[in-house]
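Student: Starting from these lines, generate the structure:
(one chain, ligands or ions: 3)
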Amino acid sequence: MPRLRLALAQTNPVVGDLAGNSTQIMEAARRAWESGADIVAVGEMALSGYPIEDLAARPSFLRASRAAVEALATRLEAEGLGELVVVVGHPDGPFEPRLLGSSNAPTAIAQNRASVLQHGRVRAQYSKHHLPNYSVFDEYRIFIPGDELLVLRIKGVDVALVICEDLWRDGGPVNRVVKADAGLLLVINASPFERDKDEVRLPLVTRRAVENSAIVAYVNIVGGQDDLIFDGDSVIVDGSGSILARAPQWQPHLLVADLDVAAATLDELPEHVTRVTLDDPAPTTPPIGLDIATLPDDRQQLWDALVLGLRDYVGKNGFPSVVLGVSGGIDSAVCAAIAADAIGADRVYGVSMPSRWSSEHSRGDADVLAENIGFHYSVEPIAELVQPVEDQLALSGLAAENLQARIRGIILMAKSNMDGHLVLTTGNKSELSVGYSTIYGDSAGGFAPIKDVPKLLVWELARWRNEAAVARGEVPPIPRNSIEKPPSAELRPDQTDQDTLPPYEVLDAILDAYVSRNLGQEDVVALGFDPDTVDFVTQLVDRSEWKRRQGAIGPKISGMAFGRDRRLPITYRPTV
Ligand SMILES: Nc1ncnc2c1ncn2[C@@H]1O[C@H](COP(=O)(O)OP(=O)(O)OC[C@H]2O[C@@H]([n+]3cccc(C(=O)O)c3)[C@H](O)[C@@H]2O)[C@@H](O)[C@H]1O
Ligand SMILES: Nc1ncnc2c1ncn2[C@@H]1O[C@H](COP(=O)(O)OP(=O)(O)OP(=O)(O)O)[C@@H](O)[C@H]1O
Ligand SMILES: NC(=O)CC[C@H](N)C(=O)O
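Tutor: Ligands and ions are numbered 1, 2, ... in the order given. The predicted structure follows:
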């Protein structure tokens, strides 16, 4: 059987940074060539970053992308890598506009493409057929679907090439192209992380490999891009369903594997399939060892996802540091620990802002957190700032309570303006769901590290992070008291969250049904919850849609994150 050496490069692109992304691809190509690879593939849109959103509708961006592909081919040749086959994902265009519906407004002018580079030229191209338009994806809006299939003949084997969503559709291009006798299916992807997604993705890759008796090589990008986190986790599975190679999550990686691929025998091609014969690249070098990463457990994956999401948001947007209010409570403690893991404690600024209602233990817990983690720590009491506003406006009740949260927001934004920190807002998914935060107060901020983490999971992650520290012989970052005490906003004496909200065990379960599973009120009640509690919670969720629309972005780790995953009206009169 012919042997191919395939390299899959998990790069971490920045959307729009064609030069920087090209450099990453060049680096990967150089390393692949040095490893004796015949082919190296990078992820979907690795040249432009993903998702490019409406940049796809900007002709100048498309022209620049096309020029960047050509420049990459030239540079590969110029630097002695011309024989290597390089498969790169990028947008291409502008093409004739595809009109949408009855509107005359031109929409898509781009295609989502893979280009195959060799000897300084673009030797072949494939355009994605299936454009996902659910969840966070909006590709049908911005791309023109492809309708031709591509097979590359190299070293006597046929390699079929498709892009991400193409793999997910039963009876889609994969089945057709593999019928053209390809022994290897190469899939380039930009597939964002969600909790448990590997339980869907790996079985999908395996199923396609087994049903087509072909090797499937799946390469994904890595890194945070706004609210999305790409986990990498590139994998190669053979026709019997065995994993041949697997890259680690969360980091750039070059996965190199020797593949024994069935020799190509078919000369007649089905309709709409083009075969391009490439020059045989490097002579085969001695076999290389297996590279099979194991996936960490669920909580480690979630933690790493949150850390990478924050690190890349800070890094890619050029912030020197972050600032957050530390209350002694669990949410700010977990956010501080994530931030320190992401960018180092030395770039984290925690501010304790005690009010007249802040308990001694809260202040103490914030002090302990600062000491454990070692971030920059300052104390800014707010009582004397709150008082004059409260007096002048004669505020009482909720207005006075919220004023405290708003003064804290002013302090954090002022520190951000002075020193350039990114402000982290610490709300968790349970609070965001029910609007349990003060708008323009504690919800003020540029990035929300735990906005997709329900409260019960915040506690679980805190415990896990502490245990991980103990296992490594380090000081656990999160004070035990912050984990164990009842949660409170401390906006009035002896306040606890449960004065206003049901216990988090109940709240999170209802939110899982109503928000994550999108069940209507009646269907949530049918699951066995108390009807009045369901009514109360679902009303809070509906009424706080406007708050969420104004909220900071944060890393998506679930299948139903607030933002593009869940789009609901603000003005809404519920029926069921
Ligand atoms: N549909 C709509 N479209 C546009 N604006 C709308 C609106 N509905 C209300 N509003 C506006 O919203 C205002 C009310 O919202 P807001 O000022 O936020 O106040 P509100 O939501 O009424 O109160 C904040 C709640 O969050 C709790 N909290 C605060 C701080 C921290 C925490 C925590 O534990 O982390 C909890 C606090 O105890 C209280 O229960 C109204 O005065 C009105 O201006
Ligand atoms: N005394 C305080 N000092 C500094 N920041 C505070 C203080 N109180 C509240 N904050 C900020 O406002 C956010 C909202 O916290 P609050 O205590 O109202 O409820 P919470 O959601 O239980 O958060 P946490 O668990 O962090 O206390 C906190 O996470 C923190 O960033
Ligand atoms: N970029 C894509 O086509 C991604 C869609 C795909 N279903 C995924 O999440 O992996």
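
Student: Now do the same for the spatially most central residue of the chain: helix, strand or coil?
Tutor: Of all residues in the chain, the one closest to the mean position by C-alpha atoms, centre = their mean is residue 229, 1.6 Å from it. Using DSSP: H, G, I helix; E, B strand; the rest coil, the three-state assignment for residue 229 comes out as strand.

Student: May I ask you to confirm that residue 30 is in contact with residue 79?
Tutor: Yes - with contact defined as C-beta atoms under 8 Å, residue 30 counts as touching residue 79 (7.2 Å). Where you see a C-beta, it was placed from the backbone N, CA and C, and this is true even at glycine.

Student: Mind checking which of the two has more residues around it?
Tutor: In this comparison of residue 30 against residue 79, neighbours counted by other C-beta atoms under 10 Å, the higher total goes to residue 30 at 17 against 12.

Student: Where does the residue in the stretch 1-150 of the chain positioned nearest to ligand 3 sit, in terms of helix or strand?
Tutor: Nearest residue of the stretch 1-150 of the chain to ligand 3, counting by C-beta to the nearest ligand atom: residue 132, 4.4 Å away. Taking DSSP states H and E as the definition, one finds residue 132 inside no helix or strand.

Student: Residue 218 falls within a strand, correct?
Tutor: Yes - per three-state DSSP, residue 218 lies within a strand segment.

Student: Tell me how many other residues crowd it.
Tutor: Neighbouring residues of residue 218 were enumerated by other C-beta under 10 Å; the total is 28.

Student: For it, give me its contacts.
Tutor: Going by C-beta atoms under 8 Å, 6 or more residues apart in numbering, residue 218 touches 8, 167, 187, 189, 201, 205, 234-237.

Student: for it, which residues make a bridge with it?
Tutor: The partner list for residue 218 in beta bridges (DSSP bridges) reads residue 187, residue 235.

Student: how about the residues of this structure near ligand 2?
Tutor: When proximity is defined as C-beta under 6 Å from any ligand atom, the chain approaches ligand 2 at 324-327, 329-332, 351-354, 358, 408, 426, 431, 442, 487, 489-490.

Student: Just the ones of those residues in helices?
Tutor: If you go by DSSP state H, the residues of the chain next to ligand 2 have 330-332, 408, 431 in helices.

Student: for the residues you listed, which one is nearest ligand 1?
Tutor: Closest approach between those and ligand 1, by C-beta to the nearest ligand atom: residue 431, at 5.4 Å.

Student: And the pLDDT for the closest residue to ligand 3 within the stretch 301-450 of the chain?
Tutor: Here the stretch 301-450 of the chain gets closest to ligand 3 at one residue, residue 305, 14.6 Å apart by C-beta to the nearest ligand atom. Reported pLDDT at residue 305 in the predicted model: 98.

Student: List the contacts of it.
Tutor: If a contact means C-beta under 8 Å, 6+ apart, then residue 305 has 193, 229, 231, 250, 555, 557 as its contacts.

Student: Next: residue 2.
Tutor: If a contact means C-beta under 8 Å, 6+ apart, then residue 2 has 155-157, 260-261, 263 as its contacts.

Student: Go through those and name the one nearest ligand 1.
Tutor: Here the nearest of the contacts of residue 2 to ligand 1, counting by C-beta to the nearest ligand atom, is residue 261; it sits at 55.9 Å.

Student: Does that closest one touch residue 4 like I think?
Tutor: Yes - here residue 261 reaches residue 4: they are 5.5 Å apart, a contact under C-beta under 8 Å.

Student: residues bridging contact with the two, i.e. touching both?
Tutor: Jointly contacting residue 261 and residue 4 under the rule C-beta under 8 Å, 6+ apart are 157, 159, 184.

Student: Now, the residues you listed that are in strands?
Tutor: For the shared contacts of residue 261 and residue 4, the ones inside strands are 157, 159, 184, with DSSP state E as the criterion.

Student: Any chance of the residues you listed in CSV with neighbour count, pLDDT and distance to residue 374 as columns?
Tutor: Shown next, in CSV, are these (neighbours: other C-beta atoms under 10 Å; pLDDT from 0 to 100; distance: C-beta to C-beta, whole Å):
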residue, neighbour count, pLDDT, distance to residue 374
157, 24, 94, 54
159, 31, 96, 51
184, 27, 96, 50
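
Student: Ligand 2: which of the residues you listed is nearest?
Tutor: Ligand 2 lies nearest to residue 184 out of these, by C-beta to the nearest ligand atom, at 50.4 Å.

Student: List the residues that contact that closest one.
Tutor: Counting by C-beta under 8 Å, 6+ apart, residue 184 has contacts 4, 6, 157-160, 214-217, 259, 261.

Student: can you check residue 239 too?
Tutor: Contacts of residue 239 were listed using C-beta under 8 Å, 6+ apart, and they are 209-210, 212-215.

Student: Show me how to select, in PyMOL, the buried members of the residues you listed.
Tutor: A single PyMOL command selects the buried members of those (16 or more other C-beta atoms under 10 Å):
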select buried, resi 209+210+212+214+215
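
Student: hmm, which two among the contacts of residue 239 are most spread apart?
Tutor: Within the contacts of residue 239, 210 and 215 form the most distant pair, 10.9 Å apart (C-beta to C-beta).

Student: re the thing from before, among the contacts of residue 218, which one has the most neighbours?
Tutor: Taking other C-beta under 10 Å to define a neighbour, the member of the contacts of residue 218 with the most is residue 8, carrying 32 neighbours.

Student: which non-adjacent residue is nearest that residue?
Tutor: Excluding its sequence neighbours, the residue lying closest to residue 8 (C-beta to C-beta, 6 or more residues apart in numbering) is residue 219, at 3.9 Å.

Student: In the stretch 51-200 of the chain, what residue spans correspond to strands?
Tutor: If you assign secondary structure with DSSP state E, counting those that start in this stretch, the strands in the stretch 51-200 of the chain sit at 85-92, 98-99, 106-108, 111-118, 121-127, 149-154, 157-163, 184-189.

Student: got the residues of the stretch 1-150 of the chain near ligand 3?
Tutor: Residues of the stretch 1-150 of the chain found near ligand 3 (C-beta under 6 Å from any ligand atom) are 44, 132, 137.

Student: right, and out of those, which lies closest to ligand 2?
Tutor: In terms of C-beta to the nearest ligand atom, no member of these lies closer to ligand 2 than residue 137, at 31.4 Å.
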